[in-house]
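Chemist: structure for the following, please:
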Amino acid sequence: MTSRRTNSLVVVLDNIRSVFNVGSIFRTADALGVEKIFLSGITPTPRHPKMPKVSLGAEQYVCWEKRSVTWRLLSELRHNGYFIIALEQGKSAKNIFNFKLPNKNQQFNKNLALVLGNEVKGLSRAILTRCDAVLEIPMLGKKESLNVAVAFGIAGYTLRQLILTDNKSRRREKTKN
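Modeler: Residues are numbered from 1 along each chain as shown. The predicted structure is shown next:
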């Protein structure tokens, strides 16, 4: 599955149809230090002949694993201590820029799993109900959504920064006590 280190970020791609989006996500994942990308459903793997051109070789550096059933994977990730975040628009979605990690009184080891869905259909209700949080990137223009690879870049860097900032503030709290 994945290592048990803290501050780990893994990505779950559920039924992403475009090899170009997946390749771009691999490039960004490498830049973010993502531990692993899980590819489920129809999501193309790095074995696709067009992947290296888009990912520029990042598929060689980012660990990946093909999974057939996303909800089972989410159950495994939760069992291994991951806080599961879906990136999806909807009435129950919270603004990613206002999101706070669970407080220190809750059991949480700062391992995050970010779940991204199909470019047209998004994530199914069955997947969303298995996530600990549903976050969205606020849209200020006329278009309703971003390309999934672009959205991943924004969300990935936001969550990585959130983890780092949270670590610094918790270290400061420990030194005060």
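Chemist: any idea how far the residue sitting nearest the centre point of the chain is from R47?
Modeler: Taking C-alpha atoms, centre = their mean, the centroid of the chain lies closest to L114, which sits 2.0 Å from it. Distance, L114 to R47, using C-beta to C-beta, to the nearest Å: 23 Å. Yep, even glycine has a C-beta here, placed from its N, CA and C like the rest.
Chemist: before we move on, what about I154?
Modeler: Relative to R47, I154 is positioned 28 Å away (C-beta to C-beta).
Chemist: same question, R130
Modeler: Here the criterion is C-beta to C-beta. By it, R130 lies 28 Å from R47.
Chemist: more neighbours: which of those two?
Modeler: R130 (20 against 8; other C-beta atoms under 10 Å).
Chemist: does the more buried one touch E76 like I think?
Modeler: No: applying C-beta atoms under 8 Å, one finds R130 not in contact with E76, separated by 11.1 Å.
Chemist: where does the prediction get shaky in the protein?
Modeler: Within the chain, the ranges that satisfy pLDDT under 70 run 1-6, 48-58, 60, 103-109, 166-177.
Chemist: one more time with 50, if that's ok
Modeler: 3, 105, 107, 171 (pLDDT under 50).
Chemist: now the helices for it?
Modeler: Assigned by DSSP state H, the helices in the chain fall at 19-32, 51-55, 70-79, 125-128, 148-176.
Chemist: which of these has the highest mean neighbour count?
Modeler: Highest mean neighbour count among the helices of the chain (mean count of other C-beta atoms under 10 Å): helix 19-32, with a mean of 22.
Chemist: gap between the residue nearest to the centre of the chain and K142?
Modeler: Look at L114 and K142: by C-beta to C-beta, they are 27 Å apart.
Chemist: what about V11, how many neighbours?
Modeler: Here the count is done by other C-beta under 10 Å, and V11 has 26 residues near it.
Chemist: no wait, N80
Modeler: N80 has 16 nearby residues by other C-beta under 10 Å.
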